[in-house]
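>>> Build me a structure from this.
(one chain, ligands or ions: 2)
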Amino acid sequence: MRVCVIGTGYVGLVTGACLAHIGHDVICVDNNEEKVKLMKSGQSPIFEPGLSEIMQSAIQTQKIHFTSDLAAGVSHGEILFIAVGTPPLPTGESDTRYVEAVARGIGENLNGGYKVIVNKSTVPIGSGDWVRMLVLDGIVERQKTLVPAGGVPSDEKLSEFAAEFDVVSNPEFLREGSAVHDTFNPDRIVLGGNSQRAVALMEQLYDPIVQRKYAEDQSLPPVPILATDLSSAEMIKYAANAFLATKISFINEVANICDRVGADVTQVAKGIGLDSRIGNKFLQAGIGWGGSCFPKDVSALIHTADDYGYEAQLLKSAVSVNERQRLIALEKLQQVLKILKGKTVGLLGLTFKPDTDDLRDAPALILIEQLNRLGAKVKAYDPIISQTGMRHGLSGVLVETDAERLADGCDALVLVTEWQQFSTLDYLKMAKLMAHPVIIDGRNFLDPETLIRAGFQYVGVGRQR
Ligand code: NAD
Ligand code: UGA
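Numbers count the residues shown, from 1 in each chain. Ligands and ions are numbered 1, 2, ... in the order given. Next up, the predicted model:
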């Protein structure tokens with residue numbers, strides 16, 4: 001099928017590359033010329049495991065093309081994905097200006113034949129109908145440019161206006177760091193809308209994925225497809241993220257109580273996670289949730305509830321537990337080192353989670369800001385940030401090139417991101433290089449016994465060693 005994906009960030013580029021990989025003809029559109037140039041040369045502008053490989057093979061088979069020309073993309077696609085960012089506004093609302101620009105732009109360029117416009121961006125509930133209206137606005141704008149003032153359009157012109165389309169909400173559930181894997185192995189596909197024709201085309205598009213042809217375990221039953229109305233699909237996306245974020249805040253709260261009563265949260269998480277009604281995922285206590293989605297989506301849902309006169313108390317609590325949790329490493333550093341002024345703290349990891357280069361709303365940023373405020377010197381080593389030099393949004397921190405240089409002269413280390421390689425560092429050597437071998441394991445990722453044997457004072461989160 002002919003597909004156009006507008007917006008080639010973490011979601012758009014992965015979606016475009018995966019759809020091309022399964023045989024569709026994809027054009028990816030982005031208004032960032034630099035990105036387009038990079039992608040045309042076969043390079044991914046983001047770090048995402050497995051993405052470069054499928055991108056490059058799709059370029060070779062000519063299944064994927066990149067452009068900044070929206071008109072060309074719209075004309076090519078029978079399915080048009082909107083996958084632009086919806087970042088948070090200072091009020092907590094979602095900033096929908098990029099979606100708005102794209103929806104109007106689609107309308108202005110819509111031509112010949114039936115098209116399905118798919119909202120993959122995470123958008124406030126009600127956006128499906130709004131996108132439809134904006135596309136229609138775009139069509140009207142185009143009519144104005146084609147018909148002389150007061151004139152009557154010719155039949156030829158009229159046929160150009162006769163654009164037929166439907167809007168579908170198809171929320172995305174991929175995680176950064178495993179985005180390609182998640183796209184080929186989804187738990188479900190949600191399709192919101194009231195057009196059976198559009199839903200049928202979407203089912204055809206996803207069929208190879210639904211039939212698990214590209215899945216890790218091809219013997220699994222087909223991926224469930226949930227067809228809903230537009231608003232329910234939009235709500236499913238927010239509810240899923242809000243639930244997961246709340247689950248993490250819950251275990252973080254339990255961890256803080258464990259710290260006080262002498263229990264071990266890793267064992268508690270195992271014990272409750274074995275209950276199939278609870279499940280063992282997203283019960284990893286630590287320094288709080290971050291990234292480009294949980295914080296913004298939970299805030300946006302709270303804001304939507306507020307708009308409709310409902311105070312989302314549980315979600316507000318999940319946010320405030322998280323805000324406090326993001327300072328837990330600082331609290332633990334103060335307990336061990338007492339005065340932080342003049343001390344040097346080394347951060348192991350900067351990105352909001354492993355296997356990504358994404359620093360958006362990363363817990364490390366708040367930690368750096370607070371340590372600087374208290375007069376501490378901050379250094380960091382992150383496998384991706386140190387290597388690529390992508391330091392957008394970073395200040396007040398010296399980025400070192402390896403973990404041993406990081407340890408040199410530090411009064412304490414804080415493990416901020418659980419990069420796999422941090423489990424096998426030479427901690428014996430690192431302890432000797434430090435002024436005080438203290439480690440705050442902000443993700444309960446390391447083996448306390450190993451660290452203690454290496455000479456460290458080990459402090460976890462809700463963990464007794
Ligand atoms: P991103 O910021 O990484 O990428 C957005 C892209 O859109 C950028 O490349 C930008 O240049 C481009 N863009 C902006 N305006 C444009 C325009 N007018 N025309 C063409 N391109 C334009 O964003 P992202 O992280 O991929 O997120 C996209 C959406 O998907 C958001 O709504 C987000 O909430 C949602 N989402 C993200 C994830 C994730 O893991 N990042 C997962 C699920 C859902
Ligand atoms: C999350 C969701 O998991 C995806 O389903 C969703 O599509 C995406 O948001 C989105 O809407 O953008 P992502 O933010 O990429 O994906 O990463 P997660 O693995 O969910 O982690 C989010 C944050 O929670 C990270 O800071 C992570 O360290 C933290 N986390 C996660 C914990 O502290 N404990 C856990 O047990 C799990």
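
>>> Run a quick neighbour tally on Asp297.
23 (other Cβ atoms under 10 Å). Every C-beta, even on glycine, is put in place using the N, C-alpha and C of the backbone.

>>> ok, and the helix or strand in this structure with the lowest average confidence?
In the chain, the helix or strand scored least confidently by mean pLDDT, DSSP states H and E is helix 155-161, which has a mean of 57.

>>> other SSEs contacting the helix or strand following it?
For helix 155-161, the succeeding helix or strand toward the C-terminus, using DSSP states H and E, is strand 164-169. Strand 164-169 sits against strand 114-119, helix 127-146, strand 189-192, helix 196-210, helix 230-261, with contacts defined as 3 or more Cβ pairs under 8 Å, 6 or more residues apart in numbering; DSSP states H and E.

>>> Where among those is average confidence lowest?
Per-stretch mean pLDDT for the helices and strands packed on strand 164-169 is lowest at helix 127-146 (a mean of 90).

>>> Just the CA trace of it, in CSV.
Written as CSV, here are the backbone C-alpha positions of helix 127-146 (Å, rounded to 0.1, in the frame of the first residue of the first chain):
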residue,chain,number,x,y,z
SER,A,127,-8.8,15.7,18.3
GLY,A,128,-10.0,13.3,15.7
ASP,A,129,-13.0,15.5,14.9
TRP,A,130,-10.9,18.6,15.1
VAL,A,131,-8.4,17.2,12.6
ARG,A,132,-11.3,16.4,10.2
MET,A,133,-12.4,20.1,10.5
LEU,A,134,-8.9,21.4,9.9
VAL,A,135,-8.5,19.2,6.8
LEU,A,136,-11.8,20.6,5.5
ASP,A,137,-10.5,24.1,6.3
GLY,A,138,-7.4,23.3,4.3
ILE,A,139,-9.5,22.2,1.3
VAL,A,140,-11.5,25.4,1.4
GLU,A,141,-8.3,27.5,1.5
ARG,A,142,-7.1,25.6,-1.5
GLN,A,143,-10.4,26.3,-3.3
LYS,A,144,-9.9,30.0,-2.7
THR,A,145,-6.6,29.9,-4.5
LEU,A,146,-7.9,27.9,-7.4
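
>>> quick one: contacts of it?
If you take Cβ atoms under 8 Å, 6 or more residues apart in numbering as the criterion, helix 127-146 is touched by 82, 96, 99-100, 103-110, 117, 119, 123, 153, 157, 160-161, 163, 165, 167-169, 192-193, 230-231, 233-234.

>>> That helix vs ligand 1: in contact?
No. On the criterion Cβ under 6 Å from any ligand atom, helix 127-146 is out of touch with ligand 1, staying 10.2 Å away.

>>> what angle separates that helix from strand 164-169?
Counting by axes from the mean of the first three to the mean of the last three Cα atoms, to 10 degrees, helix 127-146 points 150 degrees away from the direction of strand 164-169.

>>> Tell me, what's the model's pLDDT at Gln284?
pLDDT, Gln284: 98.

>>> one step back: now that we have the contacts of helix 127-146, which of them are buried?
Taking 16 or more other Cβ atoms under 10 Å as the criterion, what is buried in the contacts of helix 127-146 is 82, 96, 99-100, 103-110, 117, 119, 123, 160, 163, 165, 167-169, 192-193, 230, 233-234.

>>> quick one, phi psi at the residue lying closest to Cys28 once chain neighbours are set aside?
Nearest residue to Cys28 in three dimensions, chain neighbours excluded: Gly16, at 4.3 Å (Cβ to Cβ, 6 or more residues apart in numbering). For Gly16, the backbone dihedrals (degrees, to the nearest 10) come out as phi -60, psi -50.

>>> and Gly16, how many neighbours?
Neighbours of Gly16 (other Cβ under 10 Å): 31.

>>> quick one: it and Tyr10 touch, right?
No. Taking Cβ atoms under 8 Å as the definition, Gly16 is not a contact partner of Tyr10, at 11.7 Å.

>>> joint contacts of those two?
What both Gly16 and Tyr10 touch, as defined by Cβ under 8 Å, 6+ apart, is an empty set.

>>> Quick one: closest of the helices and strands packed on strand 164-169 to ligand 2.
Nearest to ligand 2 among those is helix 230-261; the distance by Cβ to the nearest ligand atom comes to 4.5 Å.

>>> How about the helix or strand following that closest one and ligand 2, any contact?
The C-terminal neighbour of helix 230-261 among helices and strands, as given by DSSP H and E, is helix 265-273. No. Helix 265-273 lies out of reach of ligand 2 by Cβ under 6 Å from any ligand atom, never closer than 8.4 Å.

>>> Burial check on Phe456, number of neighbours?
23.

>>> Report the contact partners of it.
Tyr427, Ala431, Pro437, Val438, Ile439.

>>> Quick check: phi and psi on His65?
Torsion angles, degrees, to the nearest 10, at His65: phi -130, psi 160.

>>> tell me which parts of the chain are close to ligand 2?
Going by Cβ under 6 Å from any ligand atom, the residues of the chain near ligand 2 are 122, 172-176, 241, 244, 248, 282-284, 286, 289-291, 293-294, 352-353.
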